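Need coordinates for the following:
(one chain, ligands or ions: 2)
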Amino acid sequence: MKKIVSLFGLLLMAVASWAQVSYDVIPLPKSVQLSPKGESYMLAQGAVVTYDGQNPTLASDAQLLVNYLKATAGLNLKAQPDVKKGAAIELKIKNEKSKSNSENTEAYQLTVDKRGVTILGASGEAVFRGIQTLVKSIGVEPGTEVSLPYVTIQDEPRFPYRGVHFDCARHYFSVDFIKQFLDIMALHGCNNFHWHLTEDQGWRFEVKSMPELAMKGSVRKQTVIGRNTGLYDGTPYGGYYTQQECREIVDYAAKRFINVIPEIDLPGHMLGALHVFPELGCTGGPYEVWPIWGVSRDVLCAGNPGTLEFLKKVLDEVADVFPSKYIHIGGDESPRDRWKQCPKCQAKMKELGLKKEAELQTYINKELEAYMQKKGRDLIGWDETLEGGLSEKAIVMSWRGTKGGIAAARQHHRVIMTPTDYCYIDYYQLKDHGSQPLGIGGYLPVSKVYSFEPTAGLGEEEAKYILGPQVNLWTEYVGYPQHAMYMLLPRLDAMSEVQWMASDKKDFEAFQGRLPRMLKLYDKLGYSYCHKVE
Ligand code: ACM
Ligand code: ZN
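Ligands and ions are numbered 1, 2, ... in the order given. Purely as a prediction, here's the structure:
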């Protein structure tokens, strides 16, 4: 009897020291074929991750895989190039000849068999996506070894654009936190970080030709308490990103195959800049970096030639620091009140034969677009930029519902869908607002994010113009990393399945079943999240 008990104990210990692997991750891969015989490969401490030593992208991928598995599963693996025999994990890029023209550049195959794990991707980026699937599959169970069931996973994303927006202007977030934010994005297969850098409440991008812009424009004297209560905290608030820091972030993101799209929001949301250069406003100021929330009537003067000169100087440096093909020029919530009253703006309208003030915004956009096209960049604008007519290359970011995006796609403009009702994660995620950290209002539970269909209302041909969906995190009421993560997670899990999976494969109940594994990862990695799902 004693023997049986001790045998049983040994067996239990053995089971407990193996990690519980499951390929039911978020977002769920396109196809997961487990071997019917149920065999497993044992991944042991000290195992080797190998790759083609001639390929620096794979070297970076391999090192990141080692780092991730150390942080999540406590595994000590070694990245070693060109190991011919005995490596546990091999990272490979398909050779050109075996690729078809139509192949998704992010498509990968992850196999586990008796030789170990192989991630074969159409590109280094594809291999990186497969790495995320492996990391999530292994999870966090403490163990000295990992038993990986034999499997063949075929995977590729539905949308080429899978965005997350982050407002670092209402509140400043550290470079270290932005790196963590990028890791969270990478874990969810997201590939575009829309970085909102300028606002009424602070200008946060260093412009070397105008150093006072960030130095003075980033600081508000104080911040209103709560929702424009009229009470202030009496504490100066500031912070901006040097170009060196921006480059560091771009580089960190690039290694995770995330493109950084900077946004300079214009011609509204400009009090940070107007405080420093009051002559660029219709009234001449003075203007203060705004201590309250909302939409300011003070915007850049469209009739002052200095405005375009200023914007071009800013965009020169933006383009220099950010290699992104797409540059965001905002365009939302720019009231026409000042333009209606301003002799310079009215004279400009006359000169150009414009009938409505809205067309002044189009005039600015077109000038900037021509300027940026010469640098090989395409512009993105919020859907208000549709109002005065758009050039062919411009991309519309549809936030006031999907109507703008649908109209733009029908005109064959490329579109990013981020309607407030499904994508604004500054809204509350639980019905009981009082029980959670502050949100801007509204109610956007995980289930509603999950239900979003970005191409609804469009025919097959028009739907091709939808680059993809994005969640937006505005930060009027979000001042700290823990709060930002709480707003993001697990709504980003829901969005990642909208971004990644075919719509007919989505299943909210099954998603909820997959979620606890992700939450364990968040616990292990120190990410805050909302514990309840509605
Ligand atoms: C926006 O939410 N104002 C784009
Ligand atoms: Zn004006």
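
make it CA atoms for all contacts and neighbour counts henceforth
OK.

and the longest strand along the chain, what does it pack onto?
Scanning the chain for the strand with the most residues, using DSSP state E, yields strand 466-473. Counting contacts by 3 or more CA pairs under 8 Å, 6 or more residues apart in numbering; DSSP states H and E, strand 466-473 is packed against strand 163-167, strand 414-417, helix 420-423, helix 481-488, helix 491-500.

and if we set it to 6 Å?
If you count contacts as 3 or more CA pairs under 6 Å, 6 or more residues apart in numbering; DSSP states H and E, strand 466-473 packs onto strand 163-167, strand 414-417.

Now the helix or strand just after the longest one: buried residues?
To tie it back to what came earlier, the one meant is strand 163-167. Where DSSP states H and E defines the elements, the next helix or strand beyond strand 163-167 is helix 175-187. Buried positions in helix 175-187, judged by neighbour count with 16 or more other CA atoms under 10 Å: I178, K179, Q180, F181, L182, D183, I184, M185, A186, L187.

swap in stretch 496-506?
So for stretch 496-506, counting by 16+ other CA under 10 Å, buried means S496, E497, V498, Q499, W500, M501, S503, K506.

between these, which is nearest ligand 2?
Q499 (41.2 Å; CA to the ion).

got the contact list for the closest one?
Counting by CA atoms under 6 Å, 6 or more residues apart in numbering, Q499 touches F159, R162.

any idea how far it is from R162?
Separation of Q499 from R162 (CA to CA, to the nearest Å) stands at 6 Å.

Please apply the same query to P305.
Noted for P305: a distance of 37 Å to R162, by CA to CA.

who's more crowded, those two?
Neighbours were counted for P305 and for R162 using other CA atoms under 10 Å; R162 has more, 26 against 12.

Can you tell me the closest non-neighbouring residue to that one?
Closest residue to R162 apart from its sequence neighbours, by CA to CA, 6 or more residues apart in numbering: C190 at 4.9 Å.

circling back: identify all contacting residues around the longest strand of the chain.
Residues from elsewhere that reach strand 466-473, judged by CA under 6 Å, 6+ apart: 159-166, 414-418, 423-426.

Just the CA trace of that strand, in CSV.
What follows is strand 466-473, C-alpha atoms only, in CSV (Å, rounded to 0.1, in the frame of the first residue of the first chain):
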residue,chain,number,x,y,z
ILE,A,466,-11.2,48.4,-44.9
LEU,A,467,-7.6,48.1,-43.7
GLY,A,468,-8.7,47.0,-40.3
PRO,A,469,-10.1,48.0,-36.9
GLN,A,470,-8.5,49.8,-33.9
VAL,A,471,-9.3,50.5,-30.3
ASN,A,472,-8.7,54.0,-29.0
LEU,A,473,-7.6,54.8,-25.5
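
What are the phi and psi values at the closest residue in space to I264 that isn't next to it in sequence?
Counting by CA to CA, 6+ apart, I329 is the residue found nearest to I264 once chain neighbours are left out, at 5.1 Å. For I329, the backbone dihedrals (degrees, to the nearest 10) come out as phi -110, psi 20.

Number the chain from 11, please
With 11 as the first residue, the last one maps to I339.

correct me, but I339 touches P277?
No. If you go by CA atoms under 6 Å, I339 and P277 don't touch, sitting 8.6 Å apart.

that older thread, TSV please, covering the helices and strands packed on strand 476-483 and showing mean pLDDT, mean neighbour count and distance to V127.
Shown next, in TSV, are those (pLDDT from 0 to 100; neighbours: other CA atoms under 10 Å; distance: least, CA to CA, whole Å):
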stretch	mean pLDDT	mean neighbour count	distance to V127
strand 173-177	98	23	29
strand 424-427	98	28	36
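
Nearest to ligand 2, out of those?
Checking the helices and strands packed on strand 476-483 against ligand 2 by CA to the ion gives strand 173-177 as the closest, at 27.2 Å.
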